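Enquirer: Following is a predicted model, sequence given first.
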2 protein chains.
Amino acid sequence: MLEGNGSEGGTGTLGKALALLDLVVASDRPLRFTDILALSPQPRGTLHRQLSHLVEEGLLSLRADLTYEPGLRLLKFAARAWSGNQFRVIAEPYLHRLHEEAGETVHLGVLRGQEVIYLDKVESRQTVRMQSQIGNASPVYCTGLGKAALSALPVEVLEETIAGLSFQKFTAHTLTDGQSLKRDLDEARRVGHAFDREEHEAEIRCVAAPIHAPGLSFVGGISVTGPAYRVTMAQLENWAPAVRRIAAGISEEAALKLGPGR
Amino acid sequence: MLEGNGSEGGTGTLGKALALLDLVVASDRPLRFTDILALSPQPRGTLHRQLSHLVEEGLLSLRADLTYEPGLRLLKFAARAWSGNQFRVIAEPYLHRLHEEAGETVHLGVLRGQEVIYLDKVESRQTVRMQSQIGNASPVYCTGLGKAALSALPVEVLEETIAGLSFQKFTAHTLTDGQSLKRDLDEARRVGHAFDREEHEAEIRCVAAPIHAPGLSFVGGISVTGPAYRVTMAQLENWAPAVRRIAAGISEEAALKLGPGR
DNA sequence: TAGAACAGTTCCATTATTCGGAACTTAGTC
DNA sequence: GACTAAGTTCCGAATAATGGAACTGTTCTA
């Protein structure tokens, strides 16, 4: 489950195709051929053929107004990737247990390069649509989950990861340099959990603990998140032991079932 | 959004890679190199390199026990494909309205080749996990949504689609030949909605209406689904007008916003 | 513990695909 | 109706994929 940072240009035919797919799918507005041409390093002929291939394969879809949109085959792939994910399956009951204890939204995520990918979520009311987060990627340096996961990383990998970060200030509290982040991670490593003090979104706080174990090829985490008016820092401190305990439980079971021996 | 049937072997390098990805991701048990070798037409050297590429790109992930599992990058792609899907966004408020009227689970789906892909779902209680269905593919011939969508297809395309079907008997009520299906579709076309009379799953019934309009490059549908003990056929008949009305509303707005002119 | 069988990986000359500049077609403008 | 821009097609050259065979490591078995 450990993977590269994903930002490399794209080696081989497959890599180029996926880099292009990324470009189109990540855009927030519909792109036409010329728009994509401007964003891509490829010459026209090449780009056109690559797009045709993506459309042929159902990864993109060419609309009547000549804009490209993500294809349905992506959803099909993801549905199976999600429901078949062993780690998620193992963690699921733990997430519910934690949600019962805390009463606020619980997240499960794993570290992938410079990002945290959300794998699952348990919440009480559906104020926000449930799936909205699943599969989403968030920056590591300003989310509780991200920092918890980072705190579990071996030093060399951590240094490399931090060196590759480009910080963006989301709120007044966002950490925007490697030094502050490292200090925060030292603290997280010491106490066993990490906080998000309204660093990613204003009025949103969270406490998270890392999931990792020898023999586990990846690093992840769980978190409890809530709005600042309901969730004080003191409240987060209260939840922290439970979060750590549940994370440890998941780590143990995952290492047992996903580890090298069997 | 209209796409090929997806079952073709895979032309070009990308096609071959995706056919392989399909094979691995679709499997319900973890596959090792040799297992995949047995399932794939490729020779060893080729297969090995292709798998390496998929792993490098994050579409697959090689676990410590040498089995391959779906990669996290698939989830990332899908999250954006889902949240950015214009058709889904347009339909969302309509789904909620229908859910309020009927009180049972509402689905939104589109036809892709021989399958229905579920795009969204609104339900009251989270007895079944929400995302479980999103992105899932179901056969067209035994789901209300599938039959509703088929009923909106032009005759030539319909004939072709039916000709390509391979029927599987899921329950005692599953239609298992083109003739019965066509009769059912004639009826659906006449009344404007289609039923699933426990044809896909025992004790599950549903009523669905097609979403389509001139200028819309795809065909879809919405449905109301419920357990047989709570949802009689008479009840489905009661809901049918509402389902048709909501479907018509989505068709109209989608044609307006997604159609060729702007 | 040797040795056989198997699983996984690497190598490299051959072959097939992709590349990309340029020509071509279509749609929209003045 | 000429002009401009967007989108598409073509084809020799460049590149990447192919797949048989050799290699390495691991697991049975006698």
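Expert: Ah, there it is. Keep in mind the model is a prediction, meaning the values are calculated, not measured. Numbers count the residues shown, from 1 in each chain, chains lettered A, B, ... in the order given.

Enquirer: which residues does the closest residue to DNA strand D within the stretch 51-200 of chain A contact?
Expert: Minimum separation of the stretch 51-200 of chain A from DNA strand D (C-beta to the nearest atom of the strand) falls at residue A:66, amounting to 4.5 Å. In this view, the C-beta of every residue, glycine as well, is placed from N, C-alpha and C. By C-beta atoms under 8 Å, 6 or more residues apart in numbering or on different chains, the contact list for residue A:66 reads A:32-33.

Enquirer: pLDDT wise, what is it at?
Expert: Residue A:66 carries a pLDDT value of 87.

Enquirer: Can you classify residue A:189 by secondary structure?
Expert: Secondary structure, DSSP: H, G, I helix; E, B strand; the rest coil: residue A:189 is helix.

Enquirer: Now for it: which residues touch it?
Expert: Counting by C-beta under 8 Å, 6+ apart, residue A:189 has contacts residue A:151.

Enquirer: what do you get for residue A:28?
Expert: Residue A:28 touches residue B:84, counting by C-beta under 8 Å, 6+ apart.

Enquirer: Report whether it is found in a helix, as I expect.
Expert: No. Counting by three-state DSSP, one finds residue A:28 to be coil, located in no helix.

Enquirer: how near is residue A:185 to residue A:110?
Expert: With distances taken as C-beta to C-beta, to the nearest Å, residue A:185 is found 17 Å from residue A:110.

Enquirer: the more surrounded of the two?
Expert: Remark: of residue A:185 and residue A:110, residue A:110 carries more neighbours, 25 against 21, as counted by other C-beta atoms under 10 Å in any protein chain shown.

Enquirer: thought that one was touching residue A:218?
Expert: Yes. Taking C-beta atoms under 8 Å as the definition, residue A:110 is a contact partner of residue A:218 at 5.5 Å.

Enquirer: So which residues of the stretch 101-250 of chain A form helices?
Expert: A:144-151, A:155-163, A:178-191, A:233-258 (DSSP state H, counting those that start in this stretch).

Enquirer: The residue located most distally from the centre of chain A in helix, strand or coil?
Expert: Distance from the C-alpha centroid of chain A peaks at residue A:45, with 34.9 Å (C-alpha atoms, centre = their mean). Secondary structure, three-state DSSP: residue A:45 is helix.

Enquirer: And for the residue in the stretch 101-250 of chain A that DNA strand D sits nearest to, the neighbour number?
Expert: Nearest residue of the stretch 101-250 of chain A to DNA strand D: residue A:215, at 14.8 Å (C-beta to the nearest atom of the strand). Neighbours of residue A:215 under the rule other C-beta under 10 Å: 13.

Enquirer: Over to residue A:201?
Expert: 17.

Enquirer: these two touch, right, it and residue A:172?
Expert: No. Taking C-beta under 8 Å as the definition, residue A:201 is not a contact partner of residue A:172, at 11.5 Å.

Enquirer: where does the stretch 51-200 of chain A dip in pLDDT?
Expert: In the predicted model of the stretch 51-200 of chain A, residues A:124-133 satisfy pLDDT under 70.

Enquirer: how about the residues of it near chain B?
Expert: A:53-54, A:56-59, A:61, A:63-65, A:69-86, A:110, A:112, A:117, A:119, A:130-137 (C-beta under 8 Å from any C-beta of the partner chain).

Enquirer: Could you tell me which of those belong to helices?
Expert: A:53-54, A:56, A:72-83, A:86 (DSSP state H).

Enquirer: which bits of the stretch 51-200 of chain A sit near DNA strand D?
Expert: A:52, A:66 (C-beta under 7 Å from any atom of the strand).

Enquirer: at 10 Å instead, please
Expert: A:51-52, A:55, A:62, A:65-68 (C-beta under 10 Å from any atom of the strand).

Enquirer: what's the farthest-apart pair in those?
Expert: Using C-beta to C-beta, the pair of these lying farthest apart is A:52 and A:65, separated by 17.3 Å.

Enquirer: Okay, the residue lying closest to residue A:26 once chain neighbours are set aside and residue A:72: tell me how far apart.
Expert: Leaving out its chain neighbours, the residue that sits closest to residue A:26 by C-beta to C-beta, 6 or more residues apart in numbering or on different chains is residue B:80, at 6.3 Å. Distance, residue B:80 to residue A:72, by C-beta to C-beta: 13 Å.

Enquirer: more neighbours, those two?
Expert: The neighbour comparison of residue B:80 against residue A:72 (other C-beta under 10 Å) goes to residue A:72, with 29 against 21.

Enquirer: so the more buried one makes contact with residue A:58?
Expert: Yes. The criterion here is C-beta under 8 Å, and residue A:72 meets it with residue A:58 at 6.5 Å.

Enquirer: Distance of whichever residue of the stretch 101-250 of chain A sits closest to DNA strand C relative to residue A:246?
Expert: Nearest residue of the stretch 101-250 of chain A to DNA strand C: residue A:217, at 13.4 Å (C-beta to the nearest atom of the strand). Residue A:217 sits 21 Å away from residue A:246, taking C-beta to C-beta as the criterion.

Enquirer: These two: who's more crowded?
Expert: residue A:246 (23 against 16).

Enquirer: show me the contacts for that one.
Expert: A:94-95, A:97-98, A:209, A:222.

Enquirer: Just these: which are in strands?
Expert: A:209, A:222 (DSSP state E).

Enquirer: Tell me how many other residues surround the closest residue in space to residue A:55 that isn't next to it in sequence.
Expert: Nearest residue to residue A:55, sequence neighbours excluded (C-beta to C-beta, 6+ apart): residue A:62, at 5.1 Å. When neighbours are counted by other C-beta under 10 Å, residue A:62 registers 20.

Enquirer: And residue A:139, by the same measure?
Expert: Neighbour number of residue A:139 under other C-beta under 10 Å is 18.
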